[in-house]
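# Next come a sequence and a model predicted from it.
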Amino acid sequence: MGIPAATIQRLIDENQDHDCGDMAGACVRIVAIADLPSRFGEFQVVAFQSPNDSKEHAALVHGDVTGKSNVPVRLHSECLTGDAFGSLRCDCRDQLELALKEIAEGENGLVLYLRQEGRGIGFSNKIKAYQLQEIGFDTIQANELLGFRGDERDYEVAAHMLHSLDVRSIRLMSNNPNKIADLQSHGIQVDGRIPLVIPPNPYNRRYLETKRLKAGHLLGEEPALEVPEQMDSARTTDSP
């Protein structure tokens, strides 16, 4: 059972005229909730809109999360190249699919899909960063050369989404301790962390090592290399 129909209507009614004033892009409101059966299991999809900018965000909800505590939650920033195109340069799609599978097997949980492409720098700048990585810079260095911080994402909008869904506390599905600190700073109670560690492949090994060594992601020691079956066995050079 997902969010009951009466609760859905209440949430939509409560959000109809919601306005945060000067909160800019961090302000969102629920505009619609519908069933979304998927290859991973039964979900509902929640559409969020910001009254202050053009961005739309989504939540994929399994079970009833309203008024609940210890809810498994994945914050997933949009990655067109990984999520849609199956890029091997990152672990985004693998983490998203693993989170959906694990959530679908439990009582409840949700994925917040945030429109923060390229760690918040946008799609075009992300591809520019790829070009810089191809001549030797790591992910963080490439972003900095483009005039950005290593990670420009902000999770205030995610906190707002959780409050809007009346989620009392969460267990965060992440390897990134900065997400926990950011959510807590915005009033979210984080009761624990669920790791989502993906074995590297030859194309994302350096990317994952940069996450571990420079961004503080909790990935443990350097894991064994995984070579996808469809990959040409002759191409084993590390890629950023």
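Thanks, I have it.
# Do you have the strands of this protein handy? List them.
Taking DSSP state E, the strands of the chain run over residues 29-38, 41-49, 56-62, 71-77, 109-114, 169-173, 189-194.
# Tell me which residue is most central in this protein.
By Cα atoms, centre = their mean, the chain has its centre lying nearest to residue 76, at 0.8 Å.
# gap between the closest residue to residue 3 other than its chain neighbours and residue 40?
Setting aside the residues directly before and after it, residue 3 is nearest to residue 64 in space (Cβ to Cβ, 6 or more residues apart in numbering), at 5.3 Å. Every residue, glycine included, has its C-beta placed from N, CA and C. Residue 64 is 18 Å from residue 40, where distance means Cβ to Cβ, to the nearest Å.
# Over to residue 111?
From residue 111 across to residue 40, the span is 10 Å (Cβ to Cβ).
# Between those two, which is the more surrounded one?
residue 111 (23 against 19; other Cβ atoms under 10 Å).
# The top helix by length along the chain packs against which elements?
Counting residues, the longest helix in the chain under DSSP state H turns out to be helix 92-104. Helices and strands touching helix 92-104, by 3 or more Cβ pairs under 8 Å, 6 or more residues apart in numbering; DSSP states H and E, are strand 41-49, strand 56-62, strand 71-77, strand 109-114, strand 169-173.
# Could you say which one of those comes nearest to residue 207?
In terms of Cβ to Cβ, the element of the helices and strands packed on helix 92-104 nearest to residue 207 is strand 71-77, at 14.6 Å.
# Outside of that closest one itself, which residues are in contact with it?
65, 92, 95-96, 99-100, 102-103, 106, 108-114, 116-117, 119-120, 153, 155, 158, 162, 167-174, 179, 183, 194, 196 (Cβ atoms under 8 Å, 6 or more residues apart in numbering).
# filter those residues to the buried ones?
When these are checked for burial by 16 or more other Cβ atoms under 10 Å, the buried set is 65, 92, 95-96, 99-100, 102-103, 108-114, 116-117, 119-120, 153, 155, 158, 162, 167, 170-174, 179, 183, 194, 196.
# May I have stretch 161-171 as CSV, with CA atoms only?
Presented in CSV, the C-alpha positions along stretch 161-171 are these (Å, rounded to 0.1, in the frame of the first residue of the first chain):
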residue,chain,number,x,y,z
MET,A,161,10.5,17.9,0.0
LEU,A,162,10.9,15.6,3.0
HIS,A,163,9.0,18.1,5.2
SER,A,164,6.3,18.4,2.5
LEU,A,165,5.8,14.6,2.6
ASP,A,166,5.6,14.7,6.4
VAL,A,167,8.6,12.3,6.8
ARG,A,168,9.6,12.4,10.5
SER,A,169,13.2,10.9,10.2
ILE,A,170,15.3,9.0,7.7
ARG,A,171,18.1,6.6,7.1
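# contacts for it?
Under Cβ under 8 Å, 6+ apart, the answer for stretch 161-171 is 11, 15, 18, 28-30, 46, 48, 57, 59, 61, 65-73, 110, 112, 183, 187-194.
# same thing but 6 Å
Residues outside stretch 161-171 that contact it (Cβ atoms under 6 Å, 6 or more residues apart in numbering): 28, 30, 48, 65-67, 69-73, 112, 188-192, 194.
# just checking, the residue nearest to residue 3 touches residue 6?
No - using Cβ atoms under 6 Å as the test, residue 64 is too far from residue 6 to be in contact (11.4 Å).
# Which of those two has more residues huddled nearby?
Set residue 64 next to residue 6 and count neighbours by other Cβ under 10 Å: residue 64 wins out with 16 against 8.
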